[in-house]
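K.L.:
Next come a sequence and a model predicted from it.
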Amino acid sequence: MNHQEFLLSLQSRGLRLWQAAFVASFLEPGSAAFHLLVSPPGMGKSYSSIAIAAELASRNATRMLVLLPTSLCEQWRAQLGDAKSKLPVVLVTRQVFREMEAAVPIGESPWEAERIYVISQDLAKQND
């Protein structure tokens, strides 16, 4: 798929042209290690970022951790789940994390492969 076709496919997902261009620039080989997307509220930052995560999932990303403000966690879980990614989306709450830890032997990672984990910044920064 060439660059123009990729932009059109992103626009068909409901992104505006500038959002599609941002997503495409983020996914280009050799792009910056991180991007800062700043704009007034309601300009589609979440939709652009969700499109990036969905595209990474479609490219066989084996595991993703999405760290968000608490108020956006459920929105992302729902939208990533609807993005037709091949990876199941898990909204990590304190209870879910405790269950994940209890399900594996001590010393092994509770973070399974082939999943997208959505977790709030508040939960992630807690010591326990």
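P.N.:
All right, it came through fine.
K.L.:
which SSE is the residue nearest the centre of the chain in?
P.N.:
Centroid-nearest residue in the chain, with C-alpha atoms, centre = their mean: residue 53, separated by 3.9 Å. Assigned by DSSP states H and E, residue 53 falls within helix 45-58.
K.L.:
before we move on, what SS does residue 65 have?
P.N.:
Classification of residue 65 by DSSP: H, G, I helix; E, B strand; the rest coil places it in strand.
K.L.:
so what's it scoring on pLDDT?
P.N.:
Looking at residue 65, its pLDDT is 84.
K.L.:
Bridged to it, which residues?
P.N.:
residue 117 (DSSP bridges).
K.L.:
remind me which residues of this structure are low pLDDT?
P.N.:
Within the chain, the stretches with pLDDT under 70 are 1, 32-37, 60, 83-87, 128.
K.L.:
buried residues in the helix holding residue 53?
P.N.:
Within helix 45-58, the residues scored as buried using 16 or more other C-beta atoms under 10 Å are 45, 48-57. In this view, the C-beta of every residue, glycine as well, is placed from N, C-alpha and C.
K.L.:
So which elements touch that helix?
P.N.:
helix 17-27, strand 63-68, helix 70-81 (3 or more C-beta pairs under 8 Å, 6 or more residues apart in numbering; DSSP states H and E).
K.L.:
Give the other helices and strands that the last one contacts.
P.N.:
What that stands for is helix 70-81. helix 45-58, strand 63-68, strand 89-92, strand 115-120, helix 121-124.
K.L.:
Would you mind measuring from the residue nearest to the centre of the chain to residue 127?
P.N.:
Using C-beta to C-beta, to the nearest Å, residue 53 is found at 27 Å from residue 127.
K.L.:
Can I get the helix holding residue 53 as CSV, trimmed to CA atoms?
P.N.:
The C-alpha coordinates for helix 45-58 follow below in CSV (Å, rounded to 0.1, in the frame of the first residue of the first chain):
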residue,chain,number,x,y,z
LYS,A,45,-6.0,13.5,19.6
SER,A,46,-7.5,10.3,21.1
TYR,A,47,-8.8,9.1,17.7
SER,A,48,-5.4,9.7,16.1
SER,A,49,-3.6,7.8,18.9
ILE,A,50,-6.2,5.0,18.8
ALA,A,51,-5.6,4.7,15.0
ILE,A,52,-1.8,4.3,15.7
ALA,A,53,-2.4,1.5,18.3
ALA,A,54,-4.9,-0.2,16.0
GLU,A,55,-2.4,-0.1,13.1
LEU,A,56,0.4,-1.4,15.3
ALA,A,57,-1.9,-4.3,16.3
SER,A,58,-2.7,-5.0,12.7
